[in-house]
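Engineer: Fold the following, please.
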Amino acid sequence: MSKKDANSDGFKIRPFADGDRDALVALWEACGLTTPWNDPDEDIALLRETPTSEIFVGERDGRLIASACVGYDGHRGWIYYLSVTPQEQGNGRGTALLRDIESWLIARGVPKVQLMIRPQNLAARTFYARAGYEPNPCHLMQRWLMDRDAPTIGRDREDGRLPVTVTYLEMVERPAHPHLSPPRSLNCALLRMRKPSVRFYRYLYNNVGEPWLWFERRAMDDDQLARIIHDEQVEIYVLHVNGEPVGFAELDRRKPPDIELVYFGLLPDFIGKGLGRYLLTWVIDTAWNHAPDRVWLNTNTLDHPKALALYQRCGFRPYKQEHKLFDDPRLNGLIAAS
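Structural biologist: Numbers count the residues shown, from 1 in each chain. Coordinates of the predicted model:
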């Protein structure tokens, strides 16, 4: 692949280098390409170790602003992770990467290239159609060979610890768009819960968080927990549907001028009804009423598969990522093993 300028403004395409990892993963996160079942570091390692694949990045003024991965399975070429930072989209970066990938495959005698696009990703479908790509008449089928619906106990580790990627996101100004209205078909109410009983708080926390292995508050005794949830600088908002509590959001204002969205989630039976984005945009608006310098949160690869994308759609931007190991709460008794 050529290292020449792909655009007259200094945009250059080159192979991935060791120091590119953080910027590359941040790009993928910003473009909403990562999922809990595709660990970025595992994908990067696999692509670099496979002789018939390569990672390419695009940079301008020393900043990594685009990427694309290409591989050859012995029969067809495949494209993965083609991405351009949102601020640089529409300037021909993606097309330049795509053409260089095609040249890389042609040089290796590969007659055909293909890729997979999620049905709801209309922008990607439009981009590739304009580049001359067309739908494949074959029907795609799949089968998971590992359980991807929930984290596996002690997966890949003899010590029973869980490897987790934590992504930190922030919002440094109030979003321009107002918070959403609740779904019309549901009778919704949002109320602040002041000094809740520890028992009721545990009911919400445990039932909302169990599928995603929330364990920190389970590990606290009642006095420790009460000191947090009874603090006036900790705001807990409970979403009710037809009078029933179905989810909550918790804002921590104890470290001004920042506000942390500590917890946010719904009971499992109420996920997928349009309530999550309503609750999130409402609590973001409420946080900004306190005029903080920023609102921030963290999410990790044990959370709902759509959590990271939802936070980004509502205006949060990733600024840091860490890889951690947690003691599996299903092994130490904090959460019952299913």
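Engineer: Who are the contact partners of residue 230?
Structural biologist: residue 195 (CB atoms under 8 Å, 6 or more residues apart in numbering). (C-beta placed from N, C-alpha, C; glycine too.)
Engineer: ok, residues contacting stretch 24-42?
Structural biologist: By CB under 8 Å, 6+ apart, the list of residues contacting stretch 24-42 reads 16, 21, 44, 55, 57, 64-67, 81, 83-86, 148, 165, 167, 301-303, 305, 308-309, 312, 317-318, 321, 323.
Engineer: Return a ChimeraX selection command for the buried portion of those residues.
Structural biologist: Buried residues among the contacts of stretch 24-42 (16 or more other CB atoms under 10 Å), as a ChimeraX selection:
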select :16,44,55,57,64,65,66,67,81,83,84,85,165,167,301,302,303,308,312,318,321
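Engineer: In helices, which of the contacts of stretch 24-42 appear?
Structural biologist: When DSSP state H defines the helices, the subset of those inside them is 21, 44, 308-309, 312.
Engineer: Which one of these is nearest to residue 229?
Structural biologist: residue 308 (26.1 Å; CB to CB).
Engineer: just to revisit the earlier point, just the contacts of stretch 24-42: which are in strands?
Structural biologist: 55, 57, 64-67, 81, 83-84, 165, 167, 317-318, 321, 323 (DSSP state E).
Engineer: okay, the ones in helices among the contacts of stretch 24-42 in a markdown table with pLDDT next?
Structural biologist: As requested, the ones in helices among the contacts of stretch 24-42 are exported to a markdown table (pLDDT from 0 to 100):
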| residue | pLDDT |
| --- | --- |
| 21 | 92 |
| 44 | 91 |
| 308 | 88 |
| 309 | 85 |
| 312 | 89 |
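Engineer: follow-up on the earlier one: and of the ones in strands among the contacts of stretch 24-42, the nearest to residue 106?
Structural biologist: Looking across those and measuring by CB to CB, the closest to residue 106 is residue 55, at 18.5 Å.
Engineer: so where is the chain shaky, pLDDT-wise?
Structural biologist: Applying pLDDT under 70 to the chain flags the ranges 1-8, 35-38, 120, 144-158, 338.
Engineer: Show me how it divides into domains.
Structural biologist: Domains of the chain are assigned by automatic domain parsing as 12-130, 161-327.
Engineer: among these, which is nearest residue 139?
Structural biologist: domain 12-130 (12.6 Å).
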